[in-house]
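J.: Got a predicted structure here, sequence first:
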Amino acid sequence: MLPGGHSDTLVTKTMLGVVGCVPAFDTYFRRGIGTSGFRPAGMRKVHDYWQRNSELIERHRVRTLDFDSGGHTARRYTQAKVIDMIFFIEGANRSM
């Protein structure tokens, strides 16, 4: 729980969705990356992973889809979103 009574999940999902600057520290992401929450130690793990894998992450920044046309937009997923997807899947797999 962050100051003000807001959960890590709520705050980071909002930050990811609006600004795209951090992964969403939800249950599966935290389990996948091996951290207890949105704290300096957790962000260091994200940063360290990004440093080791920046080229791979960059290759997976695919373009987003336009809902009206179904075609691709000029926007690509942020690095934080790619990292979010990687560790969400890892955490979900560890739950099985």
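T.: Right, received. Where do you want to start? Keep in mind it's a predicted model, so treat the numbers as computed, not measured.
J.: which stretches of this structure aren't confidently modelled?
T.: For the chain, the stretches flagged by pLDDT under 70 are 1-3.
J.: ok, now with 90
T.: Applying pLDDT under 90 to the predicted model, the residue ranges of the chain that meet it are 1-6, 95-96.
J.: State which helix of it is the longest.
T.: In the chain, taking DSSP state H as the definition, the longest helix is helix 40-59.
J.: Which neighbouring elements make contact with that one?
T.: helix 27-33, helix 79-95 (3 or more Cβ pairs under 8 Å, 6 or more residues apart in numbering; DSSP states H and E). For every residue, glycine as well, the C-beta is placed using N, CA and C.
J.: Only the buried residues of that helix, if you could.
T.: Counting neighbours by 16 or more other Cβ atoms under 10 Å, one finds that the buried residues in helix 40-59 are 42, 46, 49, 53, 57.
J.: Tell me the one among the residues you listed nearest to residue 31.
T.: Within the set of the buried residues of helix 40-59, residue 42 lies nearest residue 31; the separation is 12.0 Å, counting by Cβ to Cβ.
J.: Could you verify my assumption that that closest one touches residue 25?
T.: Yes: A contact is recorded between residue 42 and residue 25 when judged using Cβ atoms under 8 Å, the distance being 6.6 Å.
J.: list residues touching both of the two?
T.: Residues within reach of residue 42 and of residue 25 at once, by Cβ atoms under 8 Å, 6 or more residues apart in numbering, are residue 35.
J.: what's the angle from the host helix or strand of residue 10 to helix 79-95?
T.: Under the criterion DSSP states H and E, the helix or strand holding residue 10 is helix 8-18. What separates the directions of helix 8-18 and helix 79-95 is an angle of 140 degrees, with axes from the mean of the first three to the mean of the last three Cα atoms, to 10 degrees.
J.: Could you list the buried residues of helix 8-18?
T.: By neighbour count, with 16+ other Cβ under 10 Å as the criterion, the buried positions of helix 8-18 are 8-9, 11-13, 15-16.
J.: Any chance you could list what contacts the longest strand seen in the chain?
T.: Longest strand of the chain, by residue count under DSSP state E: strand 72-76. Residues outside strand 72-76 that contact it (Cβ under 8 Å, 6+ apart) are 61-66.
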